[in-house]
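**Student:** with the sequence up front, the predicted model follows.
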Amino acid sequence: MLRFLLRRSLGALAILLLISAVTFFLFYAIPRNPALLACGKGVCTQEQLAVVEHNLGIDKPIPQQYWEYMVGIFAGREFPAGSCPAPCLGFSFRDNRPVLDTILDRLPTTLSLAAGGVVVFLVLGLGFGMVAAWRRGTLTDRTVSSTSLVLSSAQIYFLGPLALALLVYNNQILSQPGYFPITEGPGAWFAGLLLPWLVLSTIFTAQYTRLSRAALIEQLQEDHVRTARAKGMGRRTVFFRYAWRGSLIPIVTVLGIDMGSLIGGAMITEQTFALPGLGRLAVDSVTQSNLPMLMGVMLFAALMIVVFNIIVDACYALIDPRVRLA
Amino acid sequence: MTGTTSHNERAGAKEPMSKRTAHRRRTAGVALALAGALVLSACSGGGGGGEPEGEDSAGPEQSAAITFGDEAASTGPAEEVPGATPGGTVNVLQETAPDHLDPAQVYVSHESNITRLLHRGLTAVRLDNEGNYSVLGDLATDAGQVSDEGRTWTYTLKEDIYFNDGSPITSADIRHSVERLFADFITQGPSYLQRWLANEPETYRELLPDGPYGGEHLPDSVLETPDERTVIFHFEQPQNDLPYALSMPGYAVVSAEGDTQEAYDQEPMTSGPYQIEEFRPGRSMTLTRNEYWEAASDPARNAYPDRYEITFGHTREDTTARLMADNGENQTTVTFNNGLDAGQGPAVVEDPQYQDRLVDGYQPYVWSLAINQQTVTDRRIREAIALAVPLNGVRAAYGGALGGEYAGSLISPLLPGREDDYDPFGKVANPQGDIAGARALLEEADAVGYELNYVHHTAPEDQQAAIAVENALEEAGFDVNRSEVPPETYYDTIGVVDSGFDIYRSSWGADWLSGSTVVPPQYDGRQIADGASNYAHLDDEHVNSEIDRILLIEDPDQAATEWFELSKYVVEDAVASVPVIYYRQTMLHGSLIGGAVFNDDVGTIDMQRLYVIQDGS
Amino acid sequence: MQVDPAGGTEMSIATKPAEPALVGRSPGQLMWRRFRRDRIGVVSALVVAFFFLIGLLAPVISALYGKDPYTRYGQIQPGLLNEYGYPIKPNGGMDGEFWFGLEPSTGRDVFTELLYGIRTSLFIALAVTVLAVLTAIVLGIAAGYLGGVWDFLISRLTDLLMAFPQQLFFVAFLPITTSLFVDPREETPVWIKVVSIIVVLWALGWMTLGRILRGVTLSLREREFVEAAKVSGASPWRIIRKELLPNTVSPILVQATYMLPSFVTTAAALSFLGVGITEPTPDWGRMFATAAAVYRSDITYMFFPGVSLVIFVVAFNLLGDAVRDAFDPKTVR
C-alpha cells in the first residue's frame, strides 16, 4: 500500500508539474501585456506599467519566471507589495495578498457545497438505482429510469433559477441560499445550502441512478452471482452481498472524477446561487484578468483531481480484495 | 464588472474622473429622493413604455448659498437623528470588496463608502435633519479660513482627535498625509490637491518626487505647519473649492508614525469611529468601534451602530432578494452600492409593502456619447449622430427607469443652474432616436455610408447599450465599426488623442456641486492630451474663453447658470457630446434600519446617520 | 467494453434484441435494420434531425416569419415594453406577431433569437465534435498501432489533459485563446470568438474517444485478419485504412452521439458564465444568462430555451443509446 501511494504520488507530482508549466506558459507567453491587465481597474501610466511589470517579475525571461514561481511554492517569495510564505501559489496584485490565502478562504464554501451535494446524490442516486434494478422491468423501474433520463439532461443554469422562483421567491418553502460558516451556526449553514445541494444533486442523482442501475444489472448477470443464486442463496442476500458490492467499482470511478472537479469549484452552481466559493473566484478572476489568482486556482483544482484519482485507486482494493495495488 | 461599480471607473490618470464630493443645499433633497420612488411606482402602473416623470414636479428650484460650517457648526457631537438609539450591528451587502484600504488610494465609490466610516479628513460634508448639506470642519475646527483671495487656507486642528492606537493627530500627520500623495505608489486617489499645490496639472509629482520618504519636505511656501495644531496651504491660483476637495476620502489623514508605505494599504490606522477588526479580501470585513474616537469632536458622524458586518460578493440580484425577504439578519441589513437589479426591481417599486424601505436618488454621473471633434469634422454629421442615438436603447441596458433617466443636458440634476426641461434635439421626448431626421442630415451632407469607429468596453450593459447605438446609427445611414476593449483598459484607450475612434461613451460625474468640475475638465481645448479627459477633443475658442471667464465669477449662483449656458453650447452648437442618461440608484434596506436617507453627496444611502431600531419598535 | 463512464453504461428504456438474420447482410445493414426497429431511437433521431434542420434553415424560417434576431422591436415600436424594459403583454409578450414573446430590455424577437441561437450552438458543437473525433482517430490509432514510444507519449498526453480541471480550463483559457488571435485592444470579430470556443473545447474533448480507440486498436492488432494482412505484405497505412478503421466505426459513432450534446451544454455554460459568444450574435447559452437576470419579472423568457435544450439533450442521449444498442445488441438493458 505504501509503495503504491508513493508511486502514484510521484506520478501525480509529474502531472501537476506539467499542468503548472502549460498553464504558466500559456498565461504569460501570450502576445499581450499581462501587466496592463494586472493593473486592475483604473488606468496605468507607462511608469506604473513598469512598476507592475517589475512586481509581477515579467520583465524577466519566461523560463526564469517559471523557475521563480516553482521555487516560491517550496520556499516562499517576497514581493515589493508583501510577502508570500511557502507554499506560495502566487501573489495577487489586485488585492496585494498571497493567492493561497484567498483560496483557503473560499475553500470552506466549496467544500460544504460539494460534501452536502455528494451525500444527497449518493444516497438518492444509489437508492433509486437499487430500487430500479431490484424491480427491473416493472412500472417503478420505467418511471425511475425515464425520470432520471430527463433530469440528467437538465442543466443547473436552467434548474437553478427555476427552483429559486418556485421554492424560494414564490412560495417561501426554502430560505434564500447563501453561505454561512458552519462554525457560526450549523442551522444557518444548512438552511443556506439546502437549495444549492438539491439543485446540484438533482442532475447528479439522475446520473448516478442510471449508473448504479446499469452496474447492478450487469453484476446480476455475472457468473459468480448466478452461481450463488443457483446454489440456493436468497435473492436479497445475493443482491446485497454480491451484486451491490461489485457494482461499486464503476460508481467509485465516476465519483472520484466528480469529487475532484466539484472541489475544484462548482462554477455554475456557485454563480447561480451567489455562493463565494472557488468556482466564483475563478470566474471573477477571469473577468478581472487576475492571472496569478487564476493560475493558483487552476493548480489547486488540478491537485484535487489528481488526489481523488489516487483515492479511487486505493478504494478499489477496499471494495474488491482481488485488486492488488501493485 | 456589473452594476454600479462599472459606473465608477476612473478617467485618465492625471485627471481623475470625478465623483462629486460636496454640493450645496437642495431644498427638500431627501424628501425629493423618496418622492422619486413614489413617482416611479405611480407611473409604472400604466406601463406603455412611459417616461418616468422625473423630478420636475417635485423639485423646488435653486439652492441657497453653499454653507461652510463655522466653528460652532463644526463642533461635535453630530446632531442627533430623531428616534435614533446607539448599539446593534448593521450588515452591509456589497458586490466588490475594496482593493485599497490606504485612504490616499481610495477614489471609487465602493471603496470610499466604507472609508467614510473609518477615516477622517480636515473637512467633511454633513446632511442634516432638514435635508441641508454643509461642509464642516472635521479634524479641523471649521471648514477653513481663507485669505489672499482664495490663495491661502488656514486650518486649526481640534484637540481631542486620535488614531485608533491612541496617538493624537497633529499637524505633522496632516503634513505627512499631504506629502505622501506625491509618492510614486499613490496612484489611485484624487489628484486635485496635488495639482493645485504644484500649480502643474500634468507633472505635479516633480514637486516632491519621493514624497516625504526621501527626507525632503514641502517648503513653507506651499504647506506650512507652524505648530502642532495649525496647517496652512498656499496656492498660486485662487482655490475656492478647497473645503470640498479636502472632504474627499482620498484626503483623509494618515499617521506619520504608523505609515508603512505600500503596506499601509493592507493595514491602515483609522481616525474615524470604527476600525477594521478583520478583513477577508473578497469575502467580508468587520468594523468595530475605535475606542479613541471622540463623538464630541466629530460633527459629521453619528456612529450609532456598535458594529458593521460587511460581506462581499453579493450580486444585485442576491442583495435585492435578501432585502425583499427581510428576515433574520436581513432586517438589519443595508447596501451601499447594490441598487435594485433589473429582474426584481420593477416588482419592488410597484409593491406598496416595500415603499417605506426604499431609498432613491441620482448618482452624479451622466452617460454621454463623446464625438471626436478631430475626426468627425462636419457639424451636420455630428448632429445626425446626436439625432440618431436611441436614449431608450441605452437606458434599457442599465435597467430602464430603474437605472437612469433620459438626459437632455450634460449637467446632472443634482447641480444647480439647470433648465430642467432642456431638450435641444427633442430626444427626451422621443427616446427612440430620430432616425429619419438623422438620415436627412446625412443626405444633406452627402455622407450616407459615413464610417464611424465606435469603441466600448466588455461589461454586459456597455455591450448592450453599444449595440442599440450601433443599430440606430446604421439605420440612419452610418457605417459603424464597433470595437470592444476590456474595462480596465477602456479609459486608456479612449484617452489617446489619435486613437482613431470617432464615438465612445464617457460617463462623467461632477466632483462637487459646480459646473467647474464638469465643463472645464471635459471641454477645455487647451487640455487635449493623451490620457486627459477632453475625450471629445473639443477645441473651440468660444468654449475656451468662456471657461476662463466663468472660472473667475465669484457668485456661485451666477456661475452655475453660466456653466449650464456653456454646456448648452457644447451640446447644441459644437455637438461634442450627446447626453443620454442621468444614472440613478434605488436601493432597499432592512426593516430594522433607521435613519436611512439618500445622501446626494455620497450618491447612496447616508451611512453616517444609520441606526438599528432596537426591540423591533 | 465500457464506454464513457458518465454517459455510456446506462441503457435505454425499451428495445428488443434483433432476431438473428437469416440472409447474409453486412454489419452496416444489420445495424440499420436493428436501429429501424427501435421506435424510441427513430423518434429521437427525428427530433435531433429537426433541431439540425432548424439551425440550417434559420434564415429561411425567419424570412418567412418576417423578423430577425437583431432588430430591437420593443425599443423601436412604442407600446411593447414598459419603462423597465419588460414586455407589457402577459407571458413575456407572446402574441400572434411575436410567437415566443420579446426579450426584456432589448426588445428582440425571442423566436428568431432561439432559432439563430440553436444555429450558432449546433455549428460550434458540430465543429468541435468533428475535430475531436478526427484527433481521437489519429492519436488513438497511432498509439494503439504504433505502440512503443508513440503509445507512451500519447497516453501521457491523455493523462495530462484528463487531469486538467475542465470547466476551469475552458473559462480561463477562452479569453487567452481569443487574445492569441487579436490584441485585446482591438475589435474581436465574431468568427474569432467562435474559433476560440471551438479550439478550447476541442483541446479537452477528444481524450475519452482517443482512449477507447487505442484500446480497440490494441486488441485488433493481435487479431488474425490483421496478422494475415501483415503477412501478405500490406503497408501499415493500408492496414489502418482497410482493416482497423472500419472496425472503429461503431465506438466512434456511439461516442460522437454522446459528445455532441455535451459540447452544446458546455458551450452554453460558458455563455452563461459570461465568457462565451457575446452580443449581438444570437446564442442559445447566453439566453440562459439573460433568463437568469430577468426571471423574477419575466419567467416566460426562460421557458423556450430551457425546454428546447432539455428536449434536445434527452433526444440525443436516447439516440446515443439506440445507436449503441444497434451496434451491439448484447448490451444490458
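**Tutor:** Noted; the coordinates are in hand.
**Student:** for burial, what's the neighbour tally of residue 190?
**Tutor:** Answering for chain A, as no chain was given. 15 (other Cβ atoms under 10 Å in any protein chain shown). For every residue, glycine as well, the C-beta is placed using N, CA and C.
**Student:** hm, I was asking about chain C
**Tutor:** Residue C:190, neighbours per other Cβ under 10 Å, totals 12.
**Student:** do the same with residue A:240
**Tutor:** For residue A:240, using other Cβ under 10 Å, the count is 13.
**Student:** which residue does the stretch 51-200 of chain A bring closest to chain B?
**Tutor:** residue A:95 (4.4 Å; Cβ to the nearest Cβ).
**Student:** in the stretch 401-550 of chain B, what residue lies closest to chain A?
**Tutor:** Closest point on the stretch 401-550 of chain B to chain A, by Cβ to the nearest Cβ, is residue B:492, at 4.6 Å.
**Student:** residue contacts, residue A:72?
**Tutor:** A:84, A:86, A:88, A:90 (Cβ atoms under 8 Å, 6 or more residues apart in numbering or on different chains).
**Student:** just the buried ones from those?
**Tutor:** A:84, A:88, A:90 (16 or more other Cβ atoms under 10 Å in any protein chain shown).
**Student:** which element is the residue of the stretch 51-200 of chain A closest to chain B on?
**Tutor:** Using DSSP states H and E, residue A:95 is not contained in any helix or strand.
**Student:** before we move on, what about residue B:362?
**Tutor:** strand B:358-371.
**Student:** how distant is stretch A:191-198 from the center of its chain?
**Tutor:** 17 Å (Cα atoms, centre = their mean, to the nearest Å).
**Student:** no, scratch that, I was asking about stretch A:124-131
**Tutor:** Relative to the centre of its chain, stretch A:124-131 is centred 22 Å away, using Cα atoms, centre = their mean.
**Student:** now it: average pLDDT?
**Tutor:** The predicted model assigns stretch A:124-131 a mean pLDDT of 91.
**Student:** buried residues in it?
**Tutor:** For stretch A:124-131, by 16+ other Cβ under 10 Å, it's A:124, A:125, A:126, A:128, A:129, A:130, A:131.
**Student:** which ones among these map onto helices?
**Tutor:** Counting by DSSP state H, these place A:124, A:125, A:126, A:128, A:129, A:130, A:131 in helices.
**Student:** for residue C:139, the count of nearby residues, please.
**Tutor:** Residue C:139 has 23 nearby residues by other Cβ under 10 Å.
**Student:** right, and it touches residue C:155 too?
**Tutor:** No: in this structure residue C:139 lies outside contact range of residue C:155 using Cβ atoms under 8 Å: 9.6 Å.
**Student:** how many other residues sit next to the residue of the stretch 401-550 of chain B closest to chain A?
**Tutor:** The burial count for residue B:492: 23, using other Cβ under 10 Å.
**Student:** again with residue A:317
**Tutor:** 14.
**Student:** isn't there a strand covering it?
**Tutor:** No: under DSSP: H, G, I helix; E, B strand; the rest coil, residue A:317 sits outside any strand and is assigned helix.
**Student:** re the thing from before, a markdown table for the ones in helices among the buried residues of stretch A:124-131, including distance to residue B:393?
**Tutor:** Listed next are those as a markdown table, based on distance: Cβ to Cβ, whole Å:
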| residue | distance to residue B:393 |
| --- | --- |
| A:124 | 47 |
| A:125 | 48 |
| A:126 | 53 |
| A:128 | 50 |
| A:129 | 52 |
| A:130 | 56 |
| A:131 | 55 |
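**Student:** mind listing the strands in chain C by residue range?
**Tutor:** Taking DSSP state E as the criterion, chain C contains no strands.
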